[in-house]
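S.K.: Next one to model:
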Amino acid sequence: MEPPPIECEQQHAGLVVSDIQAAVEFYTNKLGFWLAFTWGDPPTFAGVNLGKVQMFLEQGEPSPKGCGVYFLVGDADELYAFHQSNGVEIAEPIDDRDYGLRSYTVRDLHGYHLSFGHHLLNAGPRIPIERVDVPVRLEKRLAALLYDLAKHKRMSLSSCLEEILLHTNEPLGDGVASPHTKRTIAYIQELKKKHGIDYDSHASYRFSEE
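M.R.: Down below sits the predicted model:
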């Protein structure tokens, strides 16, 4: 018998914990999740969210052996520093993995292993290139933003420009691809305020150098 067409829009990992309230406090205060809901009085079931991902906590006897949950995040280094500062037990330090992720693993208060990682964009075989000097002049405020952005992304100025060019030359739906995560986009908005960039993305057509 052939399986029917299956649509699945969401998936939720579920962990059995001995103390719902203690688990909720650990996930929200130590790991940075936020509480979505609790069920029962006293609660015997709860949902905690990390970004758009929701995880269920269920009252019962914990069984962490052979069980792990994996989260793909925007910046694993930033979250790793946050978890370290909160005294979370690190089961595996952060490092670049052979499977293309930079990740680490923590152990929660019930013994479950939780792994957090982000994609390594430099994974894969090296691409031999030859760089050439290009005479480029940029609007002063935009150049300042670019320097800050490259530093934020731990990239050279050349690599940052190359990344932006490669993405903006790649069609995506009715638009073009972006090299930036939502978090980086939000950071760019702060940089625009910092450097007084009050023009829109089409302003370059109206630039007039004096």
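S.K.: Now do the strands in the chain.
M.R.: 13-17, 34-39, 45-50, 53-59, 68-72, 89-96, 101-107, 113-119, 171-172, 175-176 (DSSP state E).
S.K.: Return the distance of the fourth one from the chain's centre.
M.R.: Going back to what we said before, that points to strand 53-59. When distances are taken as Cα atoms, centre = their mean, to the nearest Å, strand 53-59 is centred 20 Å away from the chain's centroid.
S.K.: any idea of the mean pLDDT in that strand?
M.R.: Strand 53-59 shows a mean pLDDT of 95.
S.K.: center of this structure - which residue?
M.R.: Central residue of the chain (Cα atoms, centre = their mean): residue 74, 1.0 Å from the mean position.
S.K.: contacting residues for that one?
M.R.: By Cβ atoms under 8 Å, 6 or more residues apart in numbering, the residues touching residue 74 are 118, 181-184. (C-beta placed from N, C-alpha, C; glycine too.)
S.K.: could you redo the last one with a cut-off of 7 Å?
M.R.: Shown in contact with residue 74 (Cβ atoms under 7 Å, 6 or more residues apart in numbering): 118, 181, 183.
S.K.: Can you give me the domain boundaries for the protein?
M.R.: 13-119, 140-201 (automatic domain parsing).
S.K.: Run through who's touching the lowest-mean-pLDDT helix or strand in the chain.
M.R.: Ranked by mean pLDDT, DSSP states H and E, the helix or strand of the chain with the weakest confidence is strand 175-176, at a mean of 80. With Cβ under 7 Å, 6+ apart as the test, strand 175-176 has contacts from 167-168, 170.
S.K.: end to end, how far does stretch 91-100 reach?
M.R.: Using Cα to Cα, to the nearest Å, one end of stretch 91-100 lies 20 Å from the other.
S.K.: Give me the contact list for that stretch.
M.R.: By Cβ under 7 Å, 6+ apart, stretch 91-100 touches 76-77, 80, 102-107, 113, 119-120, 123.
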